[in-house]
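Novice: From the sequence below, what's the structure:
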Amino acid sequence: MPKVIPFQATRPTRDKVGLIASKPYETYTKAQVEARLDNNPFSFLHIANPGYKYNKEISGKERFSLVKNRFEEFKEDGSFRQDGKPCYYLHKIIYRNEIEFVGFVGAASAEDYENNLIRKHEDTLTEKVEVFTEYLKTVRFNADPVLLTYPDNEVLDSISKKLMQTRPEYEFTTTSRETHHFWVIEDPKLHEQIQKEFEEMKHIYIADGHHRSSSSIDLKKVLEAENDHHTGEEAYNFFMGFFIPESHLRIHEFNRLVKDLNGLSKDEFLIKLDEQFKIENLNQNYYKPKEAHYFSMYLDGDFYELNLRDRNYDFNNALSRLDAQILFNTILKPILGIQDLRTNSRLMYSQGQKDMAFVKGAIDQGDYQVGFGMYPASIEEMKTIADEGMKMPPKTTYIEPKLRSGITIYEF
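Specialist: This next block holds a predicted model:
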C-alpha cells in the first residue's frame, strides 16, 4: 500500500515560471550556464549556482548555505509562493511537439522506500548520497522530483483527462522545445481518489533519481533521531515525486566506448568475440540493434552486428538476461579487462539519443578504439530486476522525461 500524499508546493508565480524553470545544473555546459546566468535573472540556476553573485566558484557547505540564501531571496521578492494548503499537481510535458508525458506530482513515503514498496533497480554511490544528504539538511528543500512509475491505471488516467480539459495554471515552452502544462489539484474528493488508487498498488518503481531518493531517506533518519517528538507525519518523512504511468516512460540505452583493446590486435579481439557471438561485418553500413541480444560494434572504420550465441551463455536470472549485463559478462570484463563499470577511466558512456553516429565520431577522431550499442531495456526488465532485489549495471537506462528544476519545490 504505497502512500502518496498531497503537499504544499512552493511554486513560481504564473508570469515567471517559464523564466525560472531550468534543466538540472549538471546538464548544462559551462558556457550555457554562464549565458543563462548573464541574461536571465530569474533562472533557477541562480539558486543552484550562488557563486555567480560573487563571481567565484563556491563549493561544499559554504555553497549549500548560499543556495538556501538565494532561495529565500527568490521567495522574498515574490518569485516563489507556497500554496496555502496541500495539493496534488498534474504535469504534462510535450517533447518536440510529438512525445507526451503526463504524471502526478505528490509526496512519496520514505517508509515505503525502506520497506521496499518503492523499488529500486540501480545501486547508489555512498559518497554521492552522503554529500547530497548534507546538502538537503542545509537547504531544507528539494527542487527536483524523483521520477517514479506505476502500472497504467484507468481511474488516474480518467482524472488526468478531465483535468486536462480545464485551463492549466502554467503553460510555457522552453528553448529546448519542451511545452509544459501544469494543473493544481485542490479538490479534496480528487485527493481521496488519487491517494486510494496509489494505496491499492502493490509497488511503485523508481525510474530515475535513485541518489535523490536515497539521500532523502538518509536525511529522514538524521532528522528523526534529532526530533524527540517525532510523529512520522513531519515533512521530512516524505520526498517529492513525479508519478508517471509505465506506458508514458521512454527508455533509451547507453552506448559504451572503450579507449583500447586491452593489448589485443584487431584480429585477436575479433577471434575472442567469435566464441560468444555470431559476427557480421557491415563495413560502412550504419547499424543499430532492433532486438535484445543483438549488439552494434564500431571498430576500425567498420560497423559490426554481434548476435549472442545463446548456447554458450548462462541465463540464470533476470539480470543475466539484460543486454548491458551480457556485454559486461562476455566482452568488457573477460576480454577488455574492465572490472569496475563505475570507475574505469578507459570506459565512457553516451546516452542512446546520441546513437552510434556519436560513437563513430568519437572513435574516428581517435579518442576511443571500439564502441558498442545495445537495444534499450524494457520496463518489464527493469521491474523484474528490482523485484528480484538485484541492480542493473550503471548507465543501463536513459529515461525520459527529464524533469525541470524549480517548477514545484518541496520544503521540509
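
Novice: distance of the residue nearest the centre of the chain from residue 388?
Specialist: Centre of the chain computed as the mean C-alpha position; nearest residue by Cα atoms, centre = their mean is residue 208, 3.1 Å away. Taking Cβ to Cβ, to the nearest Å as the measure, residue 208 and residue 388 are separated by 20 Å. Using the backbone N, CA and C atoms, a C-beta is placed for each residue, glycine as well.

Novice: for residue 12, same thing?
Specialist: Counting by Cβ to Cβ, the separation of residue 12 from residue 388 is 41 Å.

Novice: between these two, which one's more packed in?
Specialist: Legend: neighbour count by other Cβ atoms under 10 Å for residue 12 and residue 388, higher for residue 12 (23 against 12).

Novice: check contacts around the residue lying closest to the more buried one once chain neighbours are set aside.
Specialist: Setting aside the residues directly before and after it, residue 12 is nearest to residue 20 in space (Cβ to Cβ, 6 or more residues apart in numbering), at 4.4 Å. Residues in contact with residue 20 (Cβ atoms under 8 Å, 6 or more residues apart in numbering) are 12, 42-44, 74, 79-80, 406-407.

Novice: so which of those is the most crowded?
Specialist: Neighbour counts for these (other Cβ under 10 Å) peak at residue 44, which has 29 neighbours.

Novice: quick one on the thing from earlier: the residue nearest to the centre of the chain contacts residue 144, correct?
Specialist: No - counting by Cβ atoms under 8 Å, residue 144 is not a contact partner of residue 208; they are 10.0 Å apart.

Novice: so what are the domain limits for this protein?
Specialist: The record assigns the chain these domain ranges, following automatic domain parsing: 4-16+79-248, 251-399.

Novice: Would you format those domains as CSV with distance to residue 53 and mean pLDDT included?
Specialist: Shown next, in CSV, are the domains of the chain (distance: least, Cβ to Cβ, whole Å; pLDDT from 0 to 100):
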stretch, distance to residue 53, mean pLDDT
domain 4-16+79-248, 15, 96
domain 251-399, 32, 95
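
Novice: In CSV: these, plus distance to residue 65.
Specialist: Output for the domains of the chain, formatted as CSV (distance: least, Cβ to Cβ, whole Å):
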stretch, distance to residue 65
domain 4-16+79-248, 6
domain 251-399, 30
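
Novice: Distance-wise, check residue 192 relative to residue 6.
Specialist: According to Cβ to Cβ, residue 192 and residue 6 sit 10 Å apart.

Novice: And residue 96, by the same measure?
Specialist: Relative to residue 6, residue 96 is positioned 31 Å away (Cβ to Cβ).

Novice: Comparing those two, which shows the higher neighbour count?
Specialist: For residue 96 and residue 6, the more surrounded residue by other Cβ under 10 Å is residue 6, and the numbers stand at 22 against 9.

Novice: Now do the contacts for that one.
Specialist: Applying Cβ under 8 Å, 6+ apart, the residues contacting residue 6 are 86-88, 106-107, 185, 191, 195.

Novice: Which ones among the residues you listed lie within strands?
Specialist: Cross-referencing the contacts of residue 6 against strands under DSSP state E gives 88, 106-107, 185.

Novice: where along the protein do the helices fall?
Specialist: Assignment of helices within the chain using DSSP state H yields the ranges 17-20, 30-39, 45-48, 60-76, 110-114, 126-139, 154-163, 188-199, 210-226, 266-273, 323-327, 355-364, 379-387.

Novice: I'd like to know which of these lies nearest to residue 284.
Specialist: With Cβ to Cβ, the closest approach to residue 284 among those belongs to helix 355-364: 9.6 Å.

Novice: rewinding a little: just give me the closest of the contacts of residue 20 to residue 247.
Specialist: Each of the contacts of residue 20 was checked against residue 247 using Cβ to Cβ; the closest is residue 407, at 22.8 Å.

Novice: quick one, phi/psi of the closest one?
Specialist: The phi and psi torsions at residue 407 (degrees, to the nearest 10) take the values phi -80, psi -50.

Novice: which of the contacts of residue 6 has the most neighbours?
Specialist: The member of those surrounded by the most neighbours (other Cβ under 10 Å) is residue 106, with 29 neighbours in all.

Novice: mind checking how far that one is from residue 204?
Specialist: Taking Cβ to Cβ as the measure, residue 106 falls 11 Å from residue 204.

Novice: Can you name the two of the ones in strands among the contacts of residue 6 that sit furthest apart?
Specialist: 107 and 185 (13.1 Å).

Novice: Now, the contacts of residue 20 that are in strands?
Specialist: Among the contacts of residue 20, the members that lie in strands (by DSSP E) are 12, 80.

Novice: what's the burial count for residue 136?
Specialist: Neighbour count of residue 136, defined by other Cβ under 10 Å: 23.

Novice: Determine the number of other residues adjacent to the closest residue to it other than its chain neighbours.
Specialist: Of all residues beyond its chain neighbours, the one nearest residue 136 is residue 219 (4.9 Å), with distances taken as Cβ to Cβ, 6+ apart. When counting by other Cβ under 10 Å, one arrives at 23 neighbours for residue 219.

Novice: Thank you kindly, that will do.
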